[in-house]
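>>> build me a structure from this.
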Amino acid sequence: MQSFEIDKSDVLKVKNAILAGDETLKVVLEEYHASEIAILFERLDKSEQRHIINLLPAEIASEIISEMDEESHPEDLLFELHPDKRTEIVEELDYDDATDIISQLEDHEQKEILEDLQDEHASEIRNLLTYDEKTAGGLMNTEIICVNINLTKKDAIDEIIRQSEEMEEFYTIYVVDDEKIFKGIVSLKDIIKAKHNAQITELVKMDAVYVHPNTDQEEVANLISQYNLTSIPVIDDNQKLLGRVTFDDVIDVMEAESTEDILKIS
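Below you'll find the model as predicted:
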């Protein structure tokens, strides 16, 4: 739910800053969070939006685009950017966010964007594009932290540090075997608190709740809510770990369900 409300003075301030020049604009934009700039974009025209996105570093620009409302068509803004800037932004986005945005474009536009990406990024996004957007597969992010069940605490921590370099937030560690078969979960807290000589096999919770790629988004949201989860693993029919769906990924689904329930009651 958006807590920042668009004020005419904010819109006017940004518009005047654009006219005043890039240095002034940079100073003004520092007053706002990326999510607030995304809301302000609702009152700016496309050329003003592009100007701001081009001015900002890709890391911040990607946050703004990922926070934009669907009705503001972030996919159009993204596609209209110079290919180099566009590529930088897409490669900063989480795979699931990039997929959500790119999926709204025409096939030839998707192809153009994907061809400019590094192979790893392009491959992950192409894979996610194959899933229905209203399923766990369509919601999931393939960027996860997972460790082998046979590791010691020390080796697991080393592996977590290595994998976490490009992860913004994580609380749950997914556990797999040598064949990448999902075995369960372990919290970062439990690993840290465990004895120095502890083995992951002693810490893993084998009864973890999970979903399949074709699980409907409402069921995913219900499971996350029911079990008070920060994320839920997605596994295939062979029990191999594919990715995770986070609470943030389904919050819109939860809000839509709540609205539906209220309307039914009234």
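
>>> okay, CA-based contacts and neighbour counts for the rest of this
OK.

>>> how about the contacts made by the closest residue to Phe170 other than its chain neighbours?
Using C-alpha to C-alpha, 6 or more residues apart in numbering and skipping residues adjacent in sequence, the residue nearest Phe170 is Ile145, 7.7 Å away. Applying C-alpha atoms under 8 Å, 6 or more residues apart in numbering to Ile145 gives the contacts Ile160, Gln163, Ser164, Phe170, Thr172, Ile173, Tyr174.

>>> then Asp97?
Contacts for Asp97 were tallied using C-alpha under 8 Å, 6+ apart; they are Ser66.

>>> that one in helix, strand or coil?
With DSSP: H, G, I helix; E, B strand; the rest coil as the basis, Asp97 sits in helix.

>>> now the end-to-end length of stretch 105-122.
Its start and end residues considered, stretch 105-122 measures 15 Å (C-alpha to C-alpha, to the nearest Å).

>>> what mean pLDDT does it have?
For stretch 105-122, the mean per-residue pLDDT is 97.

>>> give me the contacts around it.
So stretch 105-122 is contacted by Glu75, Asp76, Phe79, Pro83, Arg86, Thr87, Glu91, Tyr95, Ile102, Ser103 (C-alpha under 8 Å, 6+ apart).

>>> looking at those, which are in helices?
Glu75, Asp76, Phe79, Pro83, Arg86, Thr87, Glu91, Tyr95, Ile102 (DSSP state H).

>>> filter the contacts of Ile145 to the buried ones?
The neighbour count (16 or more other C-alpha atoms under 10 Å) marks Ile160, Thr172, Ile173, Tyr174 as buried among those.

>>> for these, give me TSV that also has pLDDT and distance to Ile53.
Output for these, formatted as TSV (pLDDT from 0 to 100; distance: C-alpha to C-alpha, whole Å):
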residue	pLDDT	distance to Ile53
Ile160	95	33
Thr172	91	33
Ile173	96	34
Tyr174	97	35
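
>>> closest to Ser187 among those residues?
Thr172 (4.7 Å; C-alpha to C-alpha).

>>> isn't the closest one right up against Ser187?
Yes: assessed by C-alpha atoms under 8 Å, Thr172 is found in contact with Ser187 at 4.7 Å.

>>> nearest to Ala61, of the ones in helices among the contacts of stretch 105-122?
Closest to Ala61, out of all of those and judged by C-alpha to C-alpha, is Arg86, at 9.8 Å.

>>> helices along the stretch 151-266 of the chain, start to end?
Per DSSP state H, counting those that start in this stretch, the stretch 151-266 of the chain carries helices over the ranges 153-163, 188-193, 200-203, 217-226, 247-265.
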